[in-house]
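1. Give me coordinates for this.
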Amino acid sequence: MKVLVTGGAGFIGSHVAEFFSRKGYEVVVLDKFARSEVFKKDKSISEYNWNYLKTLKNVKLIKGDIRNFEEVKNASKGCSIIVHVATQVAVTTSLADPFLDSEINALGTLNVLEAARINDSSLIFTSTNKVYGNSFS
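-> Numbering: from 1, shown residues only. The predicted structure is shown next:
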């Protein structure tokens, strides 16, 4: 079985990709490293995850953008499952650049939904603690 993980170089996505790889699935990881661009920070964590994923069997890495439908469509070909983790979650970024936030979250998710429909794939969405805030003080 083949799985696409969008945002696969991030914390959650890299663990999802590793999980499916260790279960023997063929895994495609699609990531643009946008988090480091949006936050103006270095790419070291994403690159660490990316390089770690290179060591796993059955993992194909694609540097691509969920805002580009053709890239999502091509990456998702033959995938039975799509795990969508590539989102922009920072409230500060959404306030500073709402168009970028909308492009990533709305257009990007629409592209993933359409790719899932075309491929008749099951779709799994994940979330982050940033959606809920820090209520454990």
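2. Can you give me every residue that contacts residue 54?
-> By CB atoms under 8 Å, 6 or more residues apart in numbering, the residues touching residue 54 are residue 61. (C-beta placed from N, C-alpha, C; glycine too.)
3. Give me the phi and psi for residue 23.
-> Torsion angles at residue 23 (phi, psi; degrees, to the nearest 10) stand at phi -80, psi 0.
4. Show the subsequent helix or strand relative to the one helix or strand in the chain whose mean pLDDT sits lowest.
-> Using mean pLDDT, DSSP states H and E, the weakest-scoring helix or strand in the chain turns out to be helix 34-39, at a mean of 62. Using DSSP states H and E, the helix or strand that follows helix 34-39 in sequence is helix 44-54.
5. Check for me that residue 123 belongs to a strand.
-> Yes: checked against DSSP: H, G, I helix; E, B strand; the rest coil, residue 123 lies within a strand.
6. Dump the helix or strand hosting residue 5 to CSV, restricted to CA.
-> Residue 5 is part of strand 2-6 when elements are defined by DSSP H and E. Listed next in CSV are the C-alpha coordinates belonging to strand 2-6 (Å, rounded to 0.1, in the frame of the first residue of the first chain):
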residue,chain,number,x,y,z
LYS,A,2,1.2,3.5,-0.8
VAL,A,3,0.9,6.6,1.5
LEU,A,4,1.4,10.3,0.9
VAL,A,5,2.4,12.5,3.9
THR,A,6,2.2,16.2,3.2
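7. in its sheet, what does it sit against?
-> strand 26-31 (parallel), strand 81-84 (parallel) (DSSP bridges).
8. Among the ones you listed, pick out the one with the most neighbours on average.
-> strand 26-31 (a mean of 26; mean count of other CB atoms under 10 Å).
9. Fine by me, thanks again.
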